[in-house]
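Chemist: Okay, here's the prediction I keep looking at, along with the sequence it came from:
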Amino acid sequence: MVEIFENYLEPDLIKLVNEQLTNSVYKWDTTNKDKVFQGFNQMAYPLEKESNIFLNVVAMSALKKLQEIKKIQNRVQIQRVLLNVIPKDVIGAFHKDYVEEGFYSFILNISDSDGGTDVEDVFYEHKFNNALLFPSSTLHRGVGPKNSLVRINLAIVFKALK
């Protein structure tokens, strides 16, 4: 159900993303505001006033590569691009990114961290420049690091059009 992609993008592109992080406006992650603090995020798409457009360029590059790897012939519809920043010792609530069938979540790790992602109670270690792909209707949660300061990823929800 979960596919792992190692050393996904060119390291220099990931370096550019990290340089852009200081130019981004972060908001309190309100996905499950009544349940648990999940860290901070920045919506890159759909566009908001504070969106960092550069993150969308990276998301498009990541999806283009995924189309080549997975041999996806159809156009891809992006539902959301979100930069997640999960601080030390924070464990998010289980959630689904999107419930409609046919949508996928692609999580690209852009920092070094000892945190990870729980997908249906299976823990996937956060490794720099690795990515996870799974159906968006799958229960998952972000797990902050124990030793490093933060865990940062770019989460893309998309659908291959028919």
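Modeler: Sure thing, it's come through.
Chemist: pretty sure Lys96 is touching Leu139, no?
Modeler: Yes - using C-beta atoms under 8 Å, Lys96 is in contact with Leu139, at 6.1 Å. Placement of C-beta: from N, CA and C, glycine included.
Chemist: what's downstream of the helix or strand of the chain with the lowest mean pLDDT, the next helix or strand?
Modeler: Lowest on mean pLDDT, DSSP states H and E among the helices and strands of the chain sits strand 27-28, with a mean of 75. Using DSSP states H and E, the helix or strand that directly follows strand 27-28 along the chain is strand 40-45.
Chemist: Neighbouring strands of that next one in the sheet, and parallel or not?
Modeler: As defined by DSSP bridges, the strand partners of strand 40-45 come to strand 27-28 (antiparallel), strand 76-87 (antiparallel).
Chemist: Comparing those, which yields the minimum mean pLDDT?
Modeler: Note on these: lowest mean pLDDT is at strand 27-28, with a mean of 75.
Chemist: can you give me the end-to-end distance of stretch 143-156?
Modeler: Terminal residues of stretch 143-156 are spaced 18 Å apart (C-alpha to C-alpha, to the nearest Å).
Chemist: ok, and for it, which residues are buried?
Modeler: The neighbour-count check on stretch 143-156 (16 or more other C-beta atoms under 10 Å) flags Val143, Gly144, Pro145, Val150, Arg151, Ile152, Asn153, Leu154, Ala155, Ile156 as buried.
Chemist: Kindly report the same for stretch 65-73.
Modeler: Here stretch 65-73 shows Leu66, Gln67 as buried, counting by 16+ other C-beta under 10 Å.
Chemist: Fine, thanks again, bye for now.
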